[in-house]
Every structure is written in structure tokens, then in C-alpha cells.
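Participant: below is the sequence, then the predicted model.
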Amino acid sequence: MLSKDELKSVRGKFRVVGVDTFDHSDWIKGDYDTKEEAIRIAEKDGEKMLKTYVYDDKGNCIEDFGEF
């Protein structure tokens, strides 16, 4: 499980994180320059049993997609 610090993006960027709700694995998909780009990537990748989250550089979750 990713720590609170790992959820924070690089300063001024937005981080997309994936979580497999079946086996509970999680990973950092990447850091993106704009909130819109990160949201587009997360929305495209979220699906049933796969949640995606967008975090800002303070570690706040600003969007989530997919289903449990």
C-alpha cells in the first residue's frame, strides 16, 4: 500500500494512482503537468475492479474513477 507521501505528486503536478480492488495491489501510473491531463488518463483507465485516483502535490485526492 502506498504511503501518504507516495500519493503526493511532484510539486506543481498531478499523480495518477491505480488500485486493483480484487487483489489490493496499487501503483503509481505517473505524474502529469495538468489536472485535466491526469483526470483524462485516470478516467480512461478506471473500470470495474480497478479504481484510479488523481492526487495533487499536497496528497489530496481530487478525482476518482472506476468501480469496486
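Facilitator: The structure has been received and is ready for your questions.

Participant: going forward, measure contacts between C-alpha atoms and count neighbours the same way
Facilitator: Noted.

Participant: what's the mean pLDDT across the helix ranked longest in the chain?
Facilitator: If you go by DSSP state H, the chain has its longest helix at helix 35-45. For helix 35-45, mean pLDDT is 98.

Participant: ok, and for that helix, which residues are buried?
Facilitator: Neighbour counts over helix 35-45 (16 or more other C-alpha atoms under 10 Å) mark Lys35, Ala38, Ile39, Ile41, Ala42, Glu43, Asp45 as buried.

Participant: for Asn60, give me its contacts.
Facilitator: Lys8 (C-alpha atoms under 8 Å, 6 or more residues apart in numbering).

Participant: if I look at it, how far off is Arg15?
Facilitator: When distance is defined by C-alpha to C-alpha, to the nearest Å, Asn60 is 10 Å away from Arg15.

Participant: so what sits against both of those two?
Facilitator: Common neighbours of Asn60 and Arg15 (C-alpha under 8 Å, 6+ apart) are Lys8.

Participant: sorry, back to before: just checking, what packs against the longest helix of the chain?
Facilitator: strand 14-20, strand 50-55, strand 61-65 (3 or more C-alpha pairs under 8 Å, 6 or more residues apart in numbering; DSSP states H and E).
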